[in-house]
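> Here is my input; please provide its structure:
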Amino acid sequence: MGNPDPGKDPRPVLCKVIAVFLLLAGATALTVWLVYRPHKPRFRVVGAAIYDLNATAPPFISTSMQFTLVTRNPNKRVDIIYDKLSAYVSYRNQQITPPVVLPPLYHETKSTVALSPVLGGVPVPVSAEVVNGLVMDESYGVVNLRVVLLGRLRWKAGAIRTVRYGVYVKCDVWVGLKKGIVGQVPLLGAPPCKVDI
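As a prediction, the model looks like this:
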């Protein structure tokens, strides 16, 4: 029984095998990412209706609004699954409607989906600045509102689903609104929404 041959140490071979495996795994992950890399969904407000806007009982505001949002999945190979999604309206960075939970949404590749949530219906406490601003803007006939969507989404490519990611959608809209007019209101400006994931 002699000493083992020092030239037969298995560690260098094991290190090479691990390095080759990691290199192949990295190349595979990069290829999959390049083929399936998901693009953010696109959102845009295309319609608005104001059924009630009562700012006469400070510090509360009561409103009922409906916004039609169109969302587009621009991906060719990746579906989007919205597990949790809620919407509310803000004015001057203050929430003026309570959050409304939207139903789960499965968004297939290259498809467009319309959402039309009715928001509001419950008085919300706001600052005097918000009440005064709304009254003033309403007298001018133009009100700048922000529709906000918050939630979680997953990307799905074939049988593969990613972890959940937070999604934050901000849609700034300018609506034509005059005191006493209810129902459909003109959209005076509605640029594409900003989507953060």
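> Shouldn't Pro38 be within a helix?
No - counting by DSSP: H, G, I helix; E, B strand; the rest coil, Pro38 is not found in a helix; it is coil.
> What segments of this protein are helices?
Listed in chain order, the helices found in the chain under DSSP state H are 11-36, 128-140.
> So which of those helices is the most surrounded?
Neighbour counts averaged per stretch over the helices of the chain are highest for helix 128-140, at a mean of 15; criterion: mean count of other CB atoms under 10 Å. In short, each C-beta sits where N, CA and C put it, glycine included.
> Determine the set of other helices and strands touching that one.
With contacts taken as 3 or more CB pairs under 8 Å, 6 or more residues apart in numbering; DSSP states H and E, helix 128-140 sits against strand 42-57, strand 60-72, strand 79-91, strand 142-157.
> Tabulate the helices of the chain (TSV), appending mean pLDDT and distance to Arg92.
TSV is the format used below for the helices of the chain (pLDDT from 0 to 100; distance: least, CB to CB, whole Å):
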stretch	mean pLDDT	distance to Arg92
helix 11-36	76	41
helix 128-140	88	6
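> Now tabulate those helices in CSV and tack on distance to Pro103.
Listed next are these as CSV, based on distance: least, CB to CB, whole Å:
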stretch, distance to Pro103
helix 11-36, 27
helix 128-140, 30
